[in-house]
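Engineer: Quick one: sequence and predicted model below, then my questions.
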Amino acid sequence: MSITPLRPRAGANSHDGPPVRLVTPGVQAAAGMQDDNALFRAVVMSHIDEAYRLARWLTANGTDAEDVVQDASLRAFRAIRSYAGGNPRAWFLSIVRNTAYSWLHKNRPAAIVAVDDLEAVEREHVKADDRRDDTPEGSLIAQVDAEQLRAAIAQLPAPFRETLVLRDIEGLDYREIAEATEVPIGTVMSRLARARRRLVEMLRQDD
Amino acid sequence: MSRPRSDDNSVLLVHAYLDGELDPANALSVAQQMSQEPALAAEAEHVRELQNLIHDHLTREEAPSSLRARIESRIGSTRQLSATPSWMHSWRALAASIAVAAIVASGSTWLVVSSQQKPVQVAELLVSDHIRSLMAPEPVDVVSSDRHTVKPWFNGRIPNSPRVVDLAKDDFPLVGGRVDVIGRTPVATLVYRRAKHLISLTIVAAGDAFAIGGPHSINGYNIVRWTENGVTYWAISDVEAKELETFAQLFRTSRNEL
């Protein structure tokens, strides 16, 4: 895939490869000038709500999400000196995400597909999706309620779900999502398109 | 009608267009394509409907306060403080920039920042917050020129609600707000714009130490500070000192608030 005529943003890398955190002397200086505690607050504590919601979408459980976020926060605290001044929200959410997958792997191995297998899952879904050749007509049912919507999102495979949640619920931009989920922007774009299509299909079928 | 595969370039671009990720030239070309190809127009319509559904139905739940408290206590037991103001020398390397930070305080029940913080330290922390905000993709966490949006955003993020005034008619439009940190205390910072410069206005409970002394500029960033009703306001920016004074004066005297 060779697209990304995306709007350049200050502080973001503008190529389609793996996300690269910009490290400038100025940023490092800014990071170093406060004590670890202040940095931890700015990077981690001010994004606890987003972290909690992401963990909740990934674990499908509030209590588990709390454990994940607590664990991720401690990891982030230990790693705070390695925080190089990139997007703080994306940095912390990537730790939350990795912590959530480790947690699921350990505590609910049956509930998720191993991260290694995600690409295979994705390919399968692509095939299935593209078998539906017709553009769905008409609009989504207007009576979808919050529960149906939540259930539909929860059914999305994890890579699609996290991408959709970060974009359409949390409002991250593509570059932040690429950084948080550790994939190229092109992958973010295709996952997002697929996630949305699948949701539309599901909500329509519920009709 | 047949529809393009989900990883078709044109489909991805429609999504990117709706997400505001395209530059103007590409946005225009995608908009044209959508008007010519019903399948792409339908794709766009579905995405919009989906986003509306999500917006209408899914409330963004906040983390339980007990979770925050647990993290605080766990961190507290392993914490080592180390102030390292080694950043002074590198400021000049920063691009000519745009920010003014002002600290605004009002009301009488603001959390008092540790009295060990001297004005000069607070000023340095705030200037550093200001600089850091300039290097972030956005200088604010909530982007809005509407004070009715910015003020409530601080609810639950800091202990008190900041005074937010509308100075757009005086050519200091509100850009948004963010939470900065002084020591261990989160504080509200409002960001205003003056031409191409940004002004950070940070609002701190006025410990006695804040009221007096402290520098009027640090490495080219001007600082204006005032205290009112037990709250200290810090304005920081690279606009000229005189303009920053004007801003402070307007902010203090404005009746155009919530």
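Structural biologist: Perfect, I can see it now. Numbers count the residues shown, from 1 in each chain, chains lettered A, B, ... in the order given.
Engineer: residues near residue 57, how many?
Structural biologist: No chain specified, so I'll use chain A. 22 (other CB atoms under 10 Å in any protein chain shown). The C-beta positions use only the backbone N, C-alpha and C, and glycine is treated the same way.
Engineer: hmm, I had chain B in mind actually
Structural biologist: Counted with other CB under 10 Å, the neighbours of B:His57 add up to 14.
Engineer: and it, what is it in contact with?
Structural biologist: For B:His57, the contacting residues are A:144-146, A:149, by CB atoms under 8 Å, 6 or more residues apart in numbering or on different chains.
Engineer: helix or strand right after the lowest-mean-pLDDT helix or strand in chain B?
Structural biologist: In chain B, no helix or strand scores lower on mean pLDDT, DSSP states H and E than strand B:101-103, which sits at a mean of 27. Downstream of strand B:101-103, the first helix or strand assigned by DSSP states H and E is helix B:119-135.
Engineer: Following the chain onward from that next one, which element is next?
Structural biologist: Criterion used, DSSP H and E; the element after helix B:119-135 is strand B:142-143.
Engineer: Alongside chain A, which residues does the stretch 151-258 of chain B contribute?
Structural biologist: Within reach of chain A by CB under 8 Å from any CB of the partner chain, the stretch 151-258 of chain B has these residues: B:157, B:179-184, B:186.
Engineer: Now the two most distant members of those.
Structural biologist: Maximum pairwise distance among these (CB to CB): 16.7 Å, between B:Arg157 and B:Gly183.
Engineer: just curious, which of the contacts of B:His57 is nearest to chain B?
Structural biologist: Using CB to the nearest CB, A:Ala146 is the member of those that lies nearest chain B, at 4.0 Å.
Engineer: Was I right to think A:Asn87 contacts B:Ala136?
Structural biologist: Yes - between A:Asn87 and B:Ala136 there is a contact at 7.0 Å, judged by CB atoms under 8 Å.
Engineer: Neighbour count for the two, which is higher?
Structural biologist: A:Asn87 (25 against 19).
Engineer: any idea how far the more buried one lies from B:His55?
Structural biologist: Separation of A:Asn87 from B:His55 (CB to CB, to the nearest Å) stands at 23 Å.
Engineer: how about the strands of chain B, start to end?
Structural biologist: B:101-103, B:142-143, B:174-182, B:185-194, B:197-205, B:217-218, B:221-228, B:231-237 (DSSP state E).
Engineer: Quick one: closest of those strands to A:Pro157.
Structural biologist: Per CB to CB, nearest to A:Pro157 of the strands of chain B: strand B:142-143, 32.1 Å.
Engineer: strands paired with the closest one, and their directions?
Structural biologist: In the sheet containing strand B:142-143, its partner strands are strand B:174-182 (antiparallel), by DSSP bridges.
Engineer: got the CA coordinates for the strand it pairs with in CSV?
Structural biologist: Provided in CSV are the C-alpha atoms of strand B:174-182 (Å, rounded to 0.1, in the frame of the first residue of the first chain):
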residue,chain,number,x,y,z
LEU,B,174,-8.8,31.4,23.6
VAL,B,175,-7.1,28.4,22.1
GLY,B,176,-7.9,25.8,24.8
GLY,B,177,-6.6,24.4,28.0
ARG,B,178,-4.4,21.8,29.5
VAL,B,179,-3.3,20.5,32.8
ASP,B,180,0.2,21.3,33.9
VAL,B,181,2.0,20.0,37.0
ILE,B,182,3.8,21.9,39.6
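Engineer: That strand vs strand B:185-194, what angle?
Structural biologist: 150 degrees (axes from the mean of the first three to the mean of the last three CA atoms, to 10 degrees).
Engineer: how far does strand B:174-182 sit from the chain's center?
Structural biologist: Centre-to-centre, strand B:174-182 and its host chain are 4 Å apart (CA atoms, centre = their mean, to the nearest Å).
Engineer: repeat for stretch B:39-59
Structural biologist: Distance, centroid of stretch B:39-59 to centroid of chain: 28 Å (CA atoms, centre = their mean).
Engineer: quick one: buried residues of it?
Structural biologist: B:39-40, B:42-44, B:46-47, B:49-51, B:53-54, B:58 (16 or more other CB atoms under 10 Å in any protein chain shown).
Engineer: Likewise for stretch A:101-110?
Structural biologist: Residues A:101, A:103-104 are the ones in stretch A:101-110 that count as buried (16+ other CB under 10 Å).
Engineer: Could you dump those into a markdown table with distance to B:Pro173 added?
Structural biologist: Shown next, in a markdown table, are the buried residues of stretch A:101-110 (distance: CB to CB, whole Å):
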| residue | distance to B:Pro173 |
| --- | --- |
| A:Tyr101 | 43 |
| A:Trp103 | 45 |
| A:Leu104 | 46 |
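Engineer: For B:Val231, state which of those is nearest.
Structural biologist: Distances from B:Val231 to the buried residues of stretch A:101-110, taken by CB to CB, are shortest for A:Trp103, at 42.4 Å.
Engineer: In space, what's closest to that closest one - neighbours in sequence excluded?
Structural biologist: Sequence neighbours aside, A:Val68 is the residue nearest to A:Trp103 in space, at 5.2 Å (criterion: CB to CB, 6 or more residues apart in numbering or on different chains).
Engineer: Run a quick check on the one you found versus A:Asn98, I expect a contact.
Structural biologist: No - checked against CB under 8 Å, the pair A:Val68 and A:Asn98 is beyond contact range at 9.9 Å.
Engineer: So these two - more neighbours on which side?
Structural biologist: Counted by other CB under 10 Å, A:Val68 and A:Asn98 do not tie: A:Val68 has more neighbours, with 27 against 17.
Engineer: Quickly list the domain ranges of the chain.
Structural biologist: As the question left the chain open, I've gone with chain A. If you go by automatic domain parsing, the domain ranges for chain A are A:23-112, A:114-207.
Engineer: Actually, chain B is the one I wanted.
Structural biologist: According to automatic domain parsing, the ranges for chain B are B:9-57, B:96-253.
Engineer: Can you pull out the low-pLDDT segments for the stretch 1-150 of chain B?
Structural biologist: Within the stretch 1-150 of chain B, the segments meeting pLDDT under 70 span B:1-2, B:7, B:77-120, B:137.
Engineer: I'd guessed A:Phe92 sits against A:Ser46; true?
Structural biologist: No - A:Phe92 is not in contact with A:Ser46 according to CB under 8 Å; the separation is 9.1 Å.
Engineer: follow-up on the earlier one: so which of the domains of chain A comes closest to B:Thr202?
Structural biologist: That would be domain A:23-112 among these, by CB to CB, at 13.1 Å.
Engineer: in the helix or strand where A:Leu199 lies, what counts as buried?
Structural biologist: Assigned by DSSP H and E, A:Leu199 belongs to helix A:185-205. In terms of neighbour count (16+ other CB under 10 Å), helix A:185-205 has its buried residues at A:185-200, A:202-204.
Engineer: cool, stretch B:227-234 as well?
Structural biologist: For stretch B:227-234, by 16+ other CB under 10 Å, it's B:227, B:231-234.
Engineer: What of stretch B:164-182?
Structural biologist: Neighbour-count burial for stretch B:164-182, counted by 16+ other CB under 10 Å, picks out B:164-167, B:170, B:172, B:174-182.
Engineer: and if you look at stretch B:191-207?
Structural biologist: Neighbour-count burial for stretch B:191-207 flags B:191-194, B:197-207 (criterion: 16+ other CB under 10 Å).
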